[in-house]
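Chemist: What follows is a predicted structure for the sequence shown.
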Amino acid sequence: MLLRFGLCDACVHQRRVGNTRGSTFSLCGLARTDPAFPKYPRMPVLRCEGFARGEVPPADGPVDAEVPGP
C-alpha cells in the first residue's frame, strides 16, 4: 500500500480533500481547535504529537470534499 501523506494516512484526524484540478490534500482536523497543528501539514508527516491511530484508507480512495482552486 502506498502511503501518500505519511503518518497522516493512519490518523483519525486526517481528512482527504481534493480540488477541481484533481489534486488531493491532507486536512488535519486538529487544526480546527488547536493552532499548534497546521491545517494542511507539509508532507510526508513522519512525527506528530496529535497522532491517533485510525483506519488506513486506500491510497487511491475517495476524497471527502472539494477545495476550490485558485
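Modeler: Nice, thanks for sending it over. Here the structure is a predicted model, which means the values were calculated and not measured.

Chemist: C-alpha only now, for contacts and for neighbours.
Modeler: Fine.

Chemist: Who does the spatially most central residue of the chain form a beta bridge with?
Modeler: Closest residue to the average C-alpha location of the chain: Ser26 at 2.3 Å, with Cα atoms, centre = their mean. Applying DSSP bridges to Ser26 yields these beta-bridge partners: Arg16.

Chemist: Do I have it right that it meets Val12?
Modeler: No - taking contacts as Cα atoms under 8 Å, Ser26 lies outside contact range of Val12: 11.7 Å.

Chemist: Flag the shaky bits of this structure, pLDDT-wise.
Modeler: In the predicted model, the chain carries pLDDT under 70 at residues 1-3, 56-70.

Chemist: Mind jotting down where the strands sit in it?
Modeler: Counting by DSSP state E, the chain has strands at residues 14-19, 24-28, 65-67.

Chemist: And Pro41, how close does it get to Ser23?
Modeler: Separation of Pro41 from Ser23 (Cα to Cα, to the nearest Å): 15 Å.
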